[in-house]
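> Below is the sequence, then the predicted model.
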Amino acid sequence: MVNQPARSLSPDSTGDGIWHDVASTGDLIDGKSILVQINKQPVVVCLSQGQYYAIGHNCPHYDAPMVEGQLVGNKIICPWHWWEFDLDTGHCLYAPTEQITEMFFSSEFMGNPQSVKLPIYPIRTEAGRILIQLSSES
């Protein structure tokens, strides 16, 4: 995956959160991801099969950098342990190390991979720009 320098541009405040202009649509090619920073928060911006997605940067399993993950349709596969996450919902679809990881997520995981999620963020494009909405600014 493409790992470009993180960047942050000025916010546009509307609705339920602040929309941040993070990149040009030309910065992404289909099947690739970039890492951006919004108020020191790393966010992965992906383009897969013509659809833009914005997700959290760290895999909830071992904090792997999801910007290095493989995009397959509407899912991203963790580069370290091959966990698969739905880009629309953030839910884990597959955890190949399920028995081992049950120890790490005893109360959160409970043997059900879908109980583990990547953060997802609303994303839109306007005039060739990619905007991501964060609902709470911290």
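Thanks, I have it. Residues are numbered from 1 along each chain as shown.
> the helices in the protein, which residues?
Secondary structure of the chain by DSSP state H: the helices cover 98-101.
> Distance of the residue most central in space within the chain relative to Ala127?
Using Cα atoms, centre = their mean, the residue of the chain that lies closest to the mean C-alpha position is Ile55, 1.7 Å off. Taken as Cβ to Cβ, to the nearest Å, the spacing of Ile55 relative to Ala127 amounts to 23 Å. For every residue, glycine as well, the C-beta is placed using N, CA and C.
> With Ile18 instead?
According to Cβ to Cβ, Ile18 and Ala127 sit 18 Å apart.
> what about those two, which has more around it?
Shown here are Ile18 and Ala127; by other Cβ atoms under 10 Å, Ile18 has more neighbours (18 against 8).
> So that one is in contact with Gln133, correct?
Yes - counting by Cβ atoms under 8 Å, Ile18 does reach Gln133; the two are 6.8 Å apart.
> confidence score at the residue lying closest to Ala23 once chain neighbours are set aside?
Spatially, and ignoring its direct neighbours in sequence, Ala23 is nearest to Ile130 (4.6 Å; Cβ to Cβ, 6 or more residues apart in numbering). pLDDT recorded at Ile130 is 97.
> who's Ile130 bridged to?
According to DSSP bridges, Ala23, Thr125 are recorded as the beta-bridge partners of Ile130.
> go on, the one 4 residues further on?
When bridges are assigned using DSSP bridges, the partners listed for Leu134 are Ile18.
> What separation do you get for it and Ile29?
Here the criterion is Cβ to Cβ. By it, Leu134 lies 25 Å from Ile29.
> same thing with Tyr62?
If you measure Tyr62 against Ile29 using Cβ to Cβ, the figure is 28 Å.
> Between those two, which is the more surrounded one?
Taking other Cβ under 10 Å, Tyr62 and Ile29 do not tie; Tyr62 has more neighbours (13 against 9).
> measure the closest residue to the more buried one other than its chain neighbours to Leu71 for me?
Closest residue to Tyr62 in three dimensions, ignoring its sequence neighbours and counting by Cβ to Cβ, 6+ apart: Trp80, at 6.1 Å. Distance of Trp80 to Leu71, computed by Cβ to Cβ: 16 Å.
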